[in-house]
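Trainee: for reference, the sequence and a predicted model appear below.
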Amino acid sequence: ERLQEAGPADPNPKHVHHRDMMDGILHLPALDKLFTHSRDGTVRVWNAATTAHMKTLRVSESWVTNTCHFEQSNRVAVGSMDRSISFYDGASCDLTGQLTGLDTAPLCLGCWNDQLQERMIVGDDCGNVTLYDTTRNGMNEASMSAASYRRGQDPGRHSDWVTKVEYFSDLNLMISSSLD
């Protein structure tokens with residue numbers, strides 16, 4: 001009979017684990033943090049070296065769909081099915097603002113710096129791809145209207161959920177993929 005070597009014990013009690021399927025992990029090596037998001041409406045922050053739980057962010061009552069990191073301002077953007085995008089400080093994990101009034105649910109996010117301007121591309125559940133300028137007014141307001149930050153939209157680019165959006169600076173292209 002073979003004995004199996006036991007892996008390291010989980011340093012976290014069960015009550016800090018996600019209550020539903022985890023959909024993604026965002027690693028911030030400079031801060032030594034992992035941000036995990038889940039369909040339970042939370043983002044959980046972990047120490048990247050030890051995997052010890054640091055903080056739970058209650059983002060929404062609905063599914064958290066994606067996260068991305070703005071390196072220049074050190075903010076983490078969090079999309080959720082309640083048709084909003086929340087912004088958290090990467091170091092303190094405090095809420096710094098929320099983009100509300102979205103017509104559709106943001107499914108995937110992409111973040112980058114464009115000549116000292118922070119930009120965010122959002123793919124949604126109706127096949128749209130939308131570009132936001134997130135440096136306007138620093139986005140420090142408690143709640144902001146999505147229309148005032150929208151820079152461009154390509155409605156109906158896809159006929160199904162947009163599953164991935166990304167900006168490639170070498171090519172100066174935004175690329176999206178979908179279920180269609």
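Mentor: Done, it's in.

Trainee: tell me how many other residues surround residue 69.
Mentor: By the measure other Cβ atoms under 10 Å, the count of residues near residue 69 is 19. C-beta: built from backbone N, CA, C; applies to glycine.

Trainee: need the pLDDT of the nearest residue to it once chain neighbours are set aside.
Mentor: Excluding the flanking residues, the one nearest residue 69 by Cβ to Cβ, 6 or more residues apart in numbering is residue 76, at 5.5 Å. As summarised for this prediction, residue 76 has a pLDDT of 96.

Trainee: now for the helix or strand harbouring residue 76, which elements pack on it?
Mentor: Here residue 76, judged by DSSP states H and E, is contained in strand 75-80. In terms of contacts (3 or more Cβ pairs under 8 Å, 6 or more residues apart in numbering; DSSP states H and E), strand 75-80 is packed against strand 64-70, strand 84-89, strand 106-114.

Trainee: what comes up buried for the longest one?
Mentor: Of the residues in strand 106-114, those buried by neighbour count under the rule 16 or more other Cβ atoms under 10 Å are 106-112.

Trainee: dump these to TSV, plus distance to residue 46 and pLDDT.
Mentor: Shown next, in TSV, are the buried residues of strand 106-114 (distance: Cβ to Cβ, whole Å; pLDDT from 0 to 100):
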residue	distance to residue 46	pLDDT
106	23	95
107	24	94
108	22	94
109	20	95
110	23	93
111	20	90
112	25	85
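
Trainee: please produce JSON lines containing those residues, extended by distance to residue 40.
Mentor: Below are those laid out as JSON lines (distance: Cβ to Cβ, whole Å):
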{"residue": "106", "distance to residue 40": "18"}
{"residue": "107", "distance to residue 40": "17"}
{"residue": "108", "distance to residue 40": "19"}
{"residue": "109", "distance to residue 40": "19"}
{"residue": "110", "distance to residue 40": "24"}
{"residue": "111", "distance to residue 40": "23"}
{"residue": "112", "distance to residue 40": "29"}
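
Trainee: residue 91: which of those residues is nearest?
Mentor: residue 111 (16.5 Å; Cβ to Cβ).

Trainee: I'd say the closest one and residue 69 touch.
Mentor: Yes - if you go by Cβ atoms under 8 Å, residue 111 and residue 69 touch, sitting 6.3 Å apart.

Trainee: the residue nearest to residue 69 - how many residues pack around it?
Mentor: Applying other Cβ under 10 Å, we find 27 residues neighbouring residue 76.

Trainee: now do the same contact list for it.
Mentor: Going by Cβ atoms under 8 Å, 6 or more residues apart in numbering, residue 76 touches 26, 28, 35, 43, 67-70, 87-90, 93.

Trainee: now do residue 21
Mentor: So residue 21 contacts 38-39 (Cβ under 8 Å, 6+ apart).

Trainee: try the one 3 residues further on
Mentor: Counting by Cβ under 8 Å, 6+ apart, residue 24 touches 36-37, 66-67.
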